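Undergrad: fold the following for me, if possible:
(chains A and B)
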Amino acid sequence: MSLSDKDKAAVKALWAKISPKADDIGAEALGRMLTVYPQTKTYFAHWADLSPGSGPVKKHGKVIMGAVGDAVSKIDDLVGGLAALSELHAFKLRVDPANFKILTHNILVTLAVNFPADFTAEVHVAVDKFLAALSAALADKYRLTHHSGASRASANRGTSNDKAKVSDAINKISNNRKGFFFMF
Amino acid sequence: MVQWKAEERAAIQAVFAKLDYESVGRETLTRLLVVYPWTRRYFGGFGNLFNSEAIMANPKVAAHGIVVLQGLEMALKNMDDIKNTYASLSELHSEKLQVDPGNFQLLGDCLTVVIATRMRTEFTPDIQAAWQKFLAVVVSALRKQYN
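TA: Purely as a prediction, here's the structure:
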């Protein structure tokens, strides 16, 4: 479902309004997801505390929402703009892409809780379409057989080679962002 | 059989206690028809559903929003046997209305979003979890008679 100019305008307008609270939104959405869909906790078994509002959840919520904000700036070419992140999710993190829809739902609920007047039906559809397009871009590099990383049975922390791939992915993302970007 | 913890029952009761059927029903159905426009296929007799203003003002949408929430109330009152309580509703949706059951999930999601705008921070992650568990049981019961 392609994004119309109206959709893009609605997403950018909402983002301008909510970006000062981006970190909190990310943390809340992640906390909701881990509570309401406990199967998603399997991806974060290495965190000490998975409860809403915990240190790791807040830190990682900030990472996620930072990436969403970055995607807003790349709304005209999400597949190209999110290529490195897609590789990260496909080969290193190996997140089942069905979970992108789950996180999307929790972002929508968080927006509804915090910005009820702004999150009208029309903004809701534009944001849902955007997050769906973002999820599709994030899944774009999945099941590509040429990548050697797919055959590696590496643990979450990975080898130094994996770490190089991860920091490369981060660098590609942070080159487009001022300031600070941290990894989980 | 579905097991409900005391906190879950309390959470679901708490959500219902705040529910203004007219306002929440209308907005939920409006969001369904705006966010997932293919659902308009099931409401051919409702008149003007061409844009969100028309949908929000449509009296048939408003009336039907209340019907949907009254249906959910039946599940609330029979939480330990939602499957059987919904047997005829399930048959209605599958045989007569011929609704693709995937849409039940979408309606549930829209309802959750509307509740979030009303309850705001009172809609905690734990309450959301209990509420969504309730909706999952309702959706499963509605799917039961499809074959």
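
Undergrad: count the residues that sit near the residue lying closest to residue B:1 once chain neighbours are set aside.
TA: In space, and not counting its chain neighbours, residue B:1 is closest to residue B:80: 7.4 Å by CB to CB, 6 or more residues apart in numbering or on different chains. (Each C-beta comes from the backbone N, C-alpha and C, glycine too.) Residues near residue B:80, counting by other CB atoms under 10 Å in any protein chain shown, number 12.

Undergrad: near chain A, which residues of chain B show up?
TA: Listed as neighbours of chain A in chain B under the rule CB under 8 Å from any CB of the partner chain: B:27, B:30-31, B:34-35, B:52, B:55-56, B:109, B:112-114, B:116-121, B:123, B:125-126, B:128-129, B:132.

Undergrad: among these, name the buried ones.
TA: Buried members of those, counted by 16 or more other CB atoms under 10 Å in any protein chain shown: B:27, B:30-31, B:34-35, B:52, B:55-56, B:109, B:112-114, B:116-119, B:123, B:125, B:128-129, B:132.

Undergrad: can you tell me the closest non-neighbouring residue to the residue positioned nearest the centre of chain A?
TA: By CA atoms, centre = their mean, chain A has its centre lying nearest to residue A:64, at 4.4 Å. Leaving aside its chain neighbours, residue A:64 sits nearest to residue A:26 (4.8 Å; criterion: CB to CB, 6+ apart).

Undergrad: run a quick neighbour tally on that neighbour.
TA: There are 25 residues near residue A:26, going by other CB under 10 Å.

Undergrad: check residue A:21 too.
TA: Residue A:21 has 14 neighbours, counted by other CB under 10 Å.

Undergrad: likewise for residue B:23?
TA: Around residue B:23 there are 14 residues (other CB under 10 Å).

Undergrad: same question for residue A:62.
TA: 20.

Undergrad: show me which residues of chain A sit near chain B.
TA: Residues of chain A lying close to chain B (CB under 8 Å from any CB) are A:31-32, A:35-36, A:52, A:105, A:108-109, A:112-114, A:116, A:119-122, A:124-125, A:128.

Undergrad: could you flag which of the residues you listed are buried?
TA: Listed as buried from the residues of chain A next to chain B are A:31-32, A:35-36, A:52, A:105, A:108-109, A:112-114, A:116, A:119-122, A:124-125, A:128; burial here means 16+ other CB under 10 Å.

Undergrad: so which of the residues of chain A next to chain B are in helices?
TA: Applying DSSP state H to the residues of chain A next to chain B, the entries found in helices are A:31-32, A:35-36, A:105, A:108-109, A:112-114, A:121-122, A:124-125, A:128.

Undergrad: which members of those residues are the farthest-apart pair?
TA: Pairwise distances across those peak at 29.0 Å for A:35 and A:122 (criterion: CB to CB).

Undergrad: could you pull out the helices for the chain?
TA: I'll assume chain A. Remark: helices assigned in chain A by DSSP H are A:5-18, A:22-36, A:55-73, A:78-81, A:83-87, A:98-114, A:121-138, A:160-174.

Undergrad: let me rephrase: I mean chain B.
TA: Using DSSP H, the helices found in chain B span residues B:6-17, B:21-35, B:52-57, B:59-77, B:82-85, B:87-91, B:102-119, B:125-143.

Undergrad: now render these as CSV, adding mean pLDDT and distance to residue A:75.
TA: Shown next, in CSV, are the helices of chain B (pLDDT from 0 to 100; distance: least, CB to CB, whole Å):
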stretch, mean pLDDT, distance to residue A:75
helix B:6-17, 97, 35
helix B:21-35, 97, 19
helix B:52-57, 94, 22
helix B:59-77, 97, 31
helix B:82-85, 96, 42
helix B:87-91, 96, 41
helix B:102-119, 97, 22
helix B:125-143, 97, 29
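
Undergrad: most tightly packed of those helices?
TA: Among the helices of chain B, ranked by average contacts under mean count of other CB atoms under 10 Å in any protein chain shown, first place goes to helix B:21-35 (a mean of 22).

Undergrad: from residue A:144, how far off is the residue nearest the centre of chain B?
TA: The centre of chain B sits closest to residue B:108, judged by CA atoms, centre = their mean, with a distance of 4.7 Å. For residue B:108, the distance to residue A:144 (CB to CB, to the nearest Å) stands at 35 Å.

Undergrad: next one: residue B:143
TA: Taking CB to CB as the criterion, residue B:143 is separated from residue A:144 by 35 Å.

Undergrad: and residue B:49, what does it touch?
TA: The contact partners of residue B:49, taken as CB atoms under 8 Å, 6 or more residues apart in numbering or on different chains, are B:33, B:40, B:43, B:55, B:58, B:61.
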